[in-house]
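Build the 3D model from these lines:
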Amino acid sequence: MPGGRLTQQERQQIALGLADGLAYAEIARRLDRPTSTVTREVMRNGGPSSYRADLAHRATEHRAHRRRPASPRGAAAPPQPYGRDAEAVRAYEEQFTTLLMQQGLPKMMSGVLTCLFTTDSGSLTAAELVQRLQVSPASISKAITFLESQGLVRRERDDRRRERYAVDADVWYQSMVAAARANTQFAETARQGVGILGADTPAAARLESIARFMDFVGESIARAAVQAREVLSTKPEDTP
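Numbers count the residues shown, from 1 in each chain. Below is the predicted model of the structure:
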């Protein structure tokens, strides 16, 4: 019976087994592992309905990294201000990146956004992001283009005319407004199909239902974003 940690391939087999509705015992039998190993693995990483092999493997590596002594990763970790523990900061950044990936962001975009969130200035140059993430400039450029399209980052110039990428305090407001616009566009496109397919047809009825749903969701998101922004930007002394 094999021992040691589960491999990434074994985690993929676990995910496939869960998708097929197999019991933990059957998955364990196919892996030649104890049932308790599979059970702990699944429950530790989101449960049977949310288990993802790639995120589970990353989370395990993160936990192992926190337990072992710090080792250099490419360039030396930059010195931390305010007396912060550099290793604790790095571990937290990995944790936050994993969280963003669980929300649906690709790995590179998650890493860039985490760097911007956790830097005190709230902005970094492409070169600084390359150094921090140890990736190519092309990867950074692609990630920034995507994040900018989602309203999550913006471009600016510093006093040396260098382009910097920044996140604002109301970044989530901007992102939610962008999501509301996307829902509105989705509704408009769905409603176009009603006229094309014929208003009295089942397909048109389905598209109209989709359009109405997306209209409602988009309006709700936009309204909630505005309300949250107003509440959170109000100082306690301004509250009647």
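
now stretch 223-236, how far from the centre of its chain.
Offset of stretch 223-236 from its chain centre (C-alpha atoms, centre = their mean, to the nearest Å): 24 Å.

what's it in contact with?
Asp170, Trp172, Tyr173, Met176, Val177, Ala180 (C-beta atoms under 8 Å, 6 or more residues apart in numbering). For the C-beta atoms, the positions are set from N, CA and C on the backbone; glycine is no exception.

Tell me the pLDDT of the second one.
Model confidence at Trp172, given as pLDDT, is 78.

Work out the gap between the helix or strand where it lies and the centre of the chain.
Secondary structure from DSSP states H and E places Trp172 in helix 171-197. Its chain's average C-alpha position is 21 Å from that of helix 171-197, according to C-alpha atoms, centre = their mean.

among the helices and strands of the chain, which has the poorest mean pLDDT?
Least confident element among the helices and strands of the chain, by mean pLDDT, DSSP states H and E: helix 53-67 (a mean of 74).

what's the helix or strand just after it packed up against?
Using DSSP H and E, the helix or strand that follows helix 53-67 in sequence is helix 86-102. Where contact means 3 or more C-beta pairs under 8 Å, 6 or more residues apart in numbering; DSSP states H and E, helix 86-102 is packed against helix 53-67, helix 107-118.

List the buried residues for helix 86-102?
Arg90, Ala91, Glu93, Glu94, Phe96, Thr97, Thr98, Leu100, Met101 (16 or more other C-beta atoms under 10 Å).

Residues touching stretch 106-126, excluding its own?
By C-beta under 8 Å, 6+ apart, the residues outside stretch 106-126 that reach it are 81, 89, 92-93, 96-98, 100-101, 105, 129, 132-133, 135, 137, 139-144, 146-147, 152-153, 156, 162-168.

quick one, which of the helices and strands packed on helix 86-102 is packed in tightest?
Compared across the helices and strands packed on helix 86-102, helix 107-118 shows the largest average neighbour count, a mean of 21 (mean count of other C-beta atoms under 10 Å).

Run the angle between that helix and helix 171-197 for me.
Put simply, helix 107-118 runs at 140 degrees to helix 171-197, going by axes from the mean of the first three to the mean of the last three C-alpha atoms, to 10 degrees.

State the mean pLDDT of the following helix or strand past helix 107-118.
Sequence order places strand 123-125 as the next helix or strand after helix 107-118, per DSSP H and E. Strand 123-125 shows a mean pLDDT of 92.

and strand 123-125, how far out from the chain's middle?
Its chain's C-alpha centre and that of strand 123-125 lie 20 Å apart, by C-alpha atoms, centre = their mean.

Let's see which of the contacts of stretch 106-126 end up in strands.
Glu156, Glu163, Arg164, Tyr165, Ala166 (DSSP state E).

Of those residues, which is the most crowded?
Within these, neighbour counts (other C-beta atoms under 10 Å) peak at Tyr165, which reaches 25 neighbours.

what residues are up against Glu163?
Thr125, Ala126, Arg155, Glu156, Arg157.

would you turn the residues you listed into a markdown table with distance to Asp20?
A markdown table is the format used below for the contacts of Glu163 (distance: C-beta to C-beta, whole Å):
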| residue | distance to Asp20 |
| --- | --- |
| Thr125 | 47 |
| Ala126 | 44 |
| Arg155 | 46 |
| Glu156 | 50 |
| Arg157 | 54 |
